[in-house]
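**Q** what would the 3D arrangement of this be:
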Amino acid sequence: METTAAFDGFVCLDCGERTDALGRCPDCGGRLDAIYTEEAGDPTVEGVWNCGAPLPVGPGDAGGTEPGGTPLVDCPELAEEAGVGTFYVKDEGRNPSGSLADRGQALAVAGAAAAGAEALAIPTPGGSGQALAAHAARAGLDSQSFVPTRAPFVNKAMVNVHGGDMRVVEGRYPDAVEAFEGHKGRSTRPFDSPLVHEGAKTLLYEVVAETEPDHVVVPTGHGATLYGLSKASAELGVAPTLHAAQPAGCAPLVEAFESGGEVEAWETPDTVCGAVEIPDPEGGDLALDAVRESGGTAVAVEDRDAMGSAVTVAQHEGVGMSPSSGVAAAAAWELAEEGDIGSSESVVVVNAAEATAAGDVLRSHLMSQGV
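**A** Next up, the predicted model:
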């Protein structure tokens, strides 16, 4: 694999072995993490490839539809309502395919292309499949997404629009994972590719280029974003408090946080926030460590509160927020009410995806309120 000068290989987070191979640990099948010989550069808002973060690979043939450079929206009215100093929304819906997944999939595709892969594959609740198809198309690679039937129609349609192959699997995300096992393409699933969380870490570089937040609230599924942000915190020498937000119908990290134990699979997931309905998160332990080590917490949010918060953000600030991201907005309000976010402190809520993919869900919520 053709790499950057800063890249010094991967280390297995499970057994500690070093490798240059992209994927899973060749010794134990564990999760890999990139290490570097160079420190972070000055953070900027110029996109994933130019944000100042050390990365294993450059854009290569995958360049041109660069993710990142998304706006950090100052929301003074929401800050006043929540009773905090400053309330920001990092609007990842502005990425090329409309979600935070663009960051990780752009790097995963670039790394796979540099390693000589010709075909890529992923099981996904929806958004990551769309992102993979878009970036694979740019790199001239084949892609296949294994998508549950309940994934948003827009995500499924756009996989095909970008030229990706798609298998729609009856059921929920775990059913898509089961169908995905034994695929022939290189996997770009979080933690199957260590470049996914490397892409996620660039979000914090962009935030810090504009402000150094006291708190960051993250809608959490696999755990790759939280782990990536914790890695960025260490690289940048900043220490925001990280909080995990999950829907009450699928909250394995919250359950582990509250019990003081380890993350265990959620037995019966049931939430309209499908993008974060990940009952057995591959990086759950890493995300939980990131929360605990930063002094943060994990919050479970009811679906109605998530949808209501997404609508509030849209109506007050014009930012189209997905229901799954509304989980983070609702969690931020709860953290403020409980005093976990102080009246003079700043908070960044990550809007992981645009609202339009799940516009029917939000509209149904409004109709239930008599709108």
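**Q** look up how far residue 247 lies from residue 256.
**A** Residue 256 sits 15 Å away from residue 247, taking C-beta to C-beta, to the nearest Å as the criterion. Using the backbone N, CA and C atoms, a C-beta is placed for each residue, glycine as well.
**Q** and residue 111, by the same measure?
**A** Residue 111 sits 31 Å away from residue 247 when distances are taken as C-beta to C-beta.
**Q** before we move on, what about residue 225?
**A** On the measure of C-beta to C-beta, residue 225 and residue 247 end up 16 Å apart.
**Q** on that earlier part again, residue 256 and residue 247: which is more packed in?
**A** The residue with more neighbours, out of residue 256 and residue 247, is residue 247; 30 against 21, by other C-beta atoms under 10 Å.
**Q** need the pLDDT of the nearest residue to residue 282 once chain neighbours are set aside.
**A** Excluding the flanking residues, the one nearest residue 282 by C-beta to C-beta, 6 or more residues apart in numbering is residue 191, at 4.5 Å. pLDDT recorded at residue 191 is 98.
**Q** what's the burial count for residue 191?
**A** So residue 191, with other C-beta under 10 Å, has 22 neighbours.
**Q** wait, it touches residue 31, no?
**A** Yes: between residue 191 and residue 31 there is a contact at 4.6 Å, judged by C-beta atoms under 8 Å.
**Q** need the overlap of contacts for the two.
**A** Common neighbours of residue 191 and residue 31, using C-beta atoms under 8 Å, 6 or more residues apart in numbering, are 282-283.
**Q** any regions of the stretch 1-150 of the chain where pLDDT drops low?
**A** 61-65 (pLDDT under 70).
**Q** hmm, try it at 90
**A** 1-2, 59-66 (pLDDT under 90).
**Q** what ranges does it have for its helices?
**A** 76-82, 101-114, 127-139 (DSSP state H, counting those that start in this stretch).
**Q** could you dump those to a markdown table with distance to residue 317?
**A** Output for the helices of the stretch 1-150 of the chain, formatted as a markdown table (distance: least, C-beta to C-beta, whole Å):
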| stretch | distance to residue 317 |
| --- | --- |
| helix 76-82 | 7 |
| helix 101-114 | 22 |
| helix 127-139 | 22 |
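**Q** hey, which of the ones you listed is tucked in deepest?
**A** Of all these, helix 101-114 carries the top mean neighbour count, a mean of 30, counting by mean count of other C-beta atoms under 10 Å.
**Q** quick check: angle from it to helix 127-139?
**A** In terms of direction (axes from the mean of the first three to the mean of the last three C-alpha atoms, to 10 degrees), helix 101-114 departs from helix 127-139 by 40 degrees.
**Q** residue 247 contacts residue 328, doesn't it?
**A** No: using C-beta under 8 Å, residue 247 makes no contact with residue 328, being 10.7 Å away.
**Q** so which residues of the stretch 151-300 of the chain form helices?
**A** Taking DSSP H, counting those that start in this stretch to define them, one finds helices in the stretch 151-300 of the chain at 153-161, 173-180, 195-210, 224-236, 252-259, 284-294.
**Q** wait, which of these is closest to residue 305?
**A** Closest to residue 305 of the helices of the stretch 151-300 of the chain, according to C-beta to C-beta: helix 252-259, at 14.0 Å.
**Q** quick one: residues contacting residue 321.
**A** Contact analysis of residue 321 by C-beta under 8 Å, 6+ apart lists 89, 93, 309-310, 313-314, 329, 351, 355.
**Q** just the buried residues of those.
**A** Among the contacts of residue 321, the ones that count as buried by 16 or more other C-beta atoms under 10 Å are 89, 93, 309-310, 313, 329, 351, 355.
**Q** I'd like these laid out as CSV, including distance to residue 243.
**A** As requested, those are exported to CSV (distance: C-beta to C-beta, whole Å):
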residue, distance to residue 243
89, 15
93, 20
309, 14
310, 17
313, 17
329, 12
351, 15
355, 22
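**Q** quick one: mark the members of these that sit in strands.
**A** Cross-referencing the buried ones among the contacts of residue 321 against strands under DSSP state E gives 89, 351.
**Q** which of the buried ones among the contacts of residue 321 scores worst on pLDDT?
**A** The model is least sure about residue 355 among the buried ones among the contacts of residue 321, giving it 92.
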